[in-house]
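Q: Could you work out the structure for the sequence below:
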Amino acid sequence: MLVTITVVDENGFTSQYETVQTPVGALREGVAAIHLAAVAADAEVDAESA
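A: Numbers count the residues shown, from 1 in each chain. Predicted coordinates:
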């Protein structure tokens, strides 16, 4: 599977990374890790604002 990653930061700055070939399982694990980190970061922000 070919994958291209584009990241947009909180200021709207866009970074596009080189297309890479990766197994589907590795892609799924990577996306799951990003999702879990985002959920944890959101929970931390919510706890700090409470």
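Q: How is residue 40 classified with respect to secondary structure?
A: Secondary structure assignment for residue 40 (DSSP: H, G, I helix; E, B strand; the rest coil): helix.
Q: gap between it and residue 34?
A: Distance, residue 40 to residue 34, using C-beta to C-beta, to the nearest Å: 11 Å. In this view, the C-beta of every residue, glycine as well, is placed from N, C-alpha and C.
Q: One more: residue 47?
A: Distance from residue 47 to residue 34, by C-beta to C-beta: 20 Å.
Q: These two: which is more packed in?
A: The neighbour count for residue 47 versus residue 34, taken as other C-beta atoms under 10 Å, is higher for residue 34 (11 against 8).
Q: what secondary structure does residue 7 sit in?
A: Residue 7 ends up strand, using three-state DSSP.
Q: hang on, it packs against residue 34?
A: No. Applying C-beta atoms under 8 Å, one finds residue 7 not in contact with residue 34, separated by 10.2 Å.
Q: Retrieve the pLDDT associated with the residue nearest the centre of the chain.
A: In the chain, the centroid-proximal residue (C-alpha atoms, centre = their mean) is residue 34; its distance is 4.2 Å. pLDDT recorded at residue 34 is 94.
Q: what about it, which helix or strand?
A: helix 24-49 (DSSP states H and E).
Q: Kindly report the same for residue 15.
A: strand 14-16.
Q: buried stuff in that strand?
A: Neighbour counts using 16 or more other C-beta atoms under 10 Å place no residue of strand 14-16 among the buried ones.
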